[in-house]
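Colleague: Provide a 3D model corresponding to the input given below.
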Amino acid sequence: MNNNKTFILGLDGADWSVLKPLLEAGELPNFGRLYAGTSGPLDSTCPPLTPPGWTSSVTGRNPGKHNIFDFFSYSGKDYDLHLTNRKDRACRAIWNYVSEEGGRVLVMNVPHTYPPEKVNGYLISGFGTPEWDCAYTYPPELKKRILKEHPSFKVDMPSRLLHEGNFKAFAEQVNAHCEEQFKVFAELYRELKPHFAMFAFVEMDRLFHFFWKENMVEKKGAYSTLFRDHFVFLDKLLGEFLDSLDGNTSVMVISDHGFGEVKKDIYVNNYLRDKGYLFTREGLDAVEAGKVPAWKLAVSSFLDRLGLWKFYLKFRRAQLDKGATAGAGAESVRSATALSAVDWSRARAYFSSMSARCLRINLEGRELLGCVKKEEYAALQDALSKDLLELRDQDGTQVITRVFKPQDVYVGEHVLSASDLYLEPAAGYSFNQGFAAGVIMPSTQHGQPRSGDHRQFGIFMLQGPQIKQGFNMTAEITDVTPTMLALMGIPLSSDLDGQPLTDAMDPEFIKANPVRRYQEAPYGECPRGEEEDEEKLQERLKDLGYL
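Modeller: Numbers count the residues shown, from 1 in each chain. Model prediction:
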């Protein structure tokens, strides 16, 4: 390891369509300092989604190797969605490599880092951390210290504001939340003087989902300057921090995916039912069955305020698990709420996750009540792909532009953990969970219009003493980790999928610091702990619209 230091700043969902006009207008002078180096589009994972995107950025590997495809995984014991977390990650992250080289690291607010892991320094987990009191720091005693010095500190903003439709309160609290988080990060940075540091602002993703229309399409209304005001605020926070950095520090700004306008949602399960791939139980309204009753939401909120949520979850989990057996019958098989009306004894395929845009085939021997034989699997994949690509809106628009199998885009020993088909929507379209009154409906969330959704290409900016100025290029999200390791002179594992962005670096630096490769030792897997956090985190994902 050489004397160079690195810092990654994450901007969840940042898109050039939002940033570039502000940069060109001179409204973001501190981001502009970073933009003056090397920049360009950053190609995300397929699909472009928070858990696989951030995990690929910090591991340098595709989901087939790091094992994170979605917020959820599937157990084969039921048809429910089981939350993934950091313990599902099957390989080292960049902070593991730096720690093993003896370098100090500071990692804060990076999504999918809960529960925290041991590092040579400090780690504070990010999005995916339960809202209740839990251990979210390494070392564990760091949490007590943070709360003593910053009593109002929260890992994440209360998601219930979004679920209740209180967008005004959420928008008003965003900047204050970001300021306190970054203040804690800056204080720890000054104390630790890390060789590698990473911090992520994640709130803009939520702003983009809910306020895209006002800011990027209509450009009028009470929230029409929200994006601009938020980035200007972050720019001011960033300025003082950049001024304090060591002169040998390289800074990389990245987003896990981009963003764009969405007008309509595709209810794939409605279409599968129309085409005879999926059946609902007789006499049961699929739309009503997939709704979470208002009384349940009120009860969960009440128990949460009283601090009794954990105890309720243990009881409810035990009750639900009683139904998750093959002998229980289709009516009592545990499933995701949105799929509670499905007749699993006859369903051949189902749209399983709006976040990952994927379908699962009800395969015999793999799914609890699988009815598709293994010899039928490949033909069914092809038939589904053909039918899905034929789906049209009323005006003739093709609404699904690509259907791909996991082996088309993933490589590695964990490809079998992926779902069976992934879908790419046309511009202006997104997907929604469960069933609705029709196949294609206006895009909604919490009963209100949703106007923004993820796009394939995010952004990156790279600046530092070894970085070319005014240079543009396209990069892959897996290139982030090998690039920062190469700048620090740390050898690269031969198992990495990404490549260091040497075209963006000074040739003399590359000549003096040639990239070295090695065969790394196996990564120790951590056993999964109790799943008492799972339902609370599912509530948060519902609030944010991923369920």
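Colleague: my read is that residue 201 contacts residue 234, right?
Modeller: Yes: counting by C-beta atoms under 8 Å, residue 234 is a contact partner of residue 201 at 6.2 Å. From N, CA and C alone the C-beta is placed, and that goes for glycine too.
Colleague: quick check: neighbours shared by these two?
Modeller: Common contacts of residue 201 and residue 234 (C-beta atoms under 8 Å, 6 or more residues apart in numbering): residue 178.
Colleague: for residue 27, what are its contacts?
Modeller: Residue 27 neighbours (C-beta under 8 Å, 6+ apart): 228, 231-232, 235.
Colleague: quick one: residues contacting the closest residue to residue 89 other than its chain neighbours.
Modeller: Nearest residue to residue 89, sequence neighbours excluded (C-beta to C-beta, 6 or more residues apart in numbering): residue 66, at 5.6 Å. Residue 66 makes contacts with 52, 55-56, 59, 89-91, 412, 414, as judged by C-beta under 8 Å, 6+ apart.
Colleague: let's see the pLDDT reported for residue 66.
Modeller: What the model reports as pLDDT for residue 66 is 98.
Colleague: swap in residue 341?
Modeller: On the pLDDT scale, residue 341 gets 94.
Colleague: in the stretch 351-500 of the chain, which spans are helices?
Modeller: 377-389, 406-409, 480-487 (DSSP state H, counting those that start in this stretch).
Colleague: pick the most deeply packed of those helices.
Modeller: Neighbour counts (mean count of other C-beta atoms under 10 Å) averaged over each of the helices of the stretch 351-500 of the chain peak at helix 480-487, with a mean of 26.
Colleague: quick one: mean pLDDT for that helix?
Modeller: The average pLDDT for helix 480-487 rounds to 98.
Colleague: what's it packed up against?
Modeller: strand 5-11, helix 50-59, helix 94-100, strand 249-254, strand 492-493 (3 or more C-beta pairs under 8 Å, 6 or more residues apart in numbering; DSSP states H and E).
Colleague: want to throw these into JSON lines with mean neighbour count, distance to residue 356 and mean pLDDT?
Modeller: Output for those, formatted as JSON lines (neighbours: other C-beta atoms under 10 Å; distance: least, C-beta to C-beta, whole Å; pLDDT from 0 to 100):
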{"stretch": "strand 5-11", "mean neighbour count": "24", "distance to residue 356": "20", "mean pLDDT": "98"}
{"stretch": "helix 50-59", "mean neighbour count": "29", "distance to residue 356": "8", "mean pLDDT": "98"}
{"stretch": "helix 94-100", "mean neighbour count": "22", "distance to residue 356": "24", "mean pLDDT": "98"}
{"stretch": "strand 249-254", "mean neighbour count": "24", "distance to residue 356": "21", "mean pLDDT": "98"}
{"stretch": "strand 492-493", "mean neighbour count": "21", "distance to residue 356": "26", "mean pLDDT": "98"}
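Colleague: which one of these lies closest to residue 274?
Modeller: When the helices and strands packed on helix 480-487 are compared by C-beta to C-beta, helix 50-59 sits nearest residue 274, at 30.2 Å.
Colleague: follow-up on the earlier one: please identify which of the helices of the stretch 351-500 of the chain is closest to residue 2.
Modeller: helix 480-487 (8.4 Å).
Colleague: domains of this protein?
Modeller: Domain assignment for the chain by automatic domain parsing gives 5-259+455-527, 262-292+316-453.
Colleague: neighbours of residue 115, how many?
Modeller: Residue 115 has 18 neighbours, counted by other C-beta atoms under 10 Å.
Colleague: and if you look at residue 63?
Modeller: Neighbour tally, residue 63, other C-beta under 10 Å: 30.
Colleague: how about residue 91?
Modeller: Neighbours of residue 91 (other C-beta under 10 Å): 21.
Colleague: which residues touch it?
Modeller: Counting by C-beta under 8 Å, 6+ apart, residue 91 has contacts 59, 61, 65-67, 495, 523.
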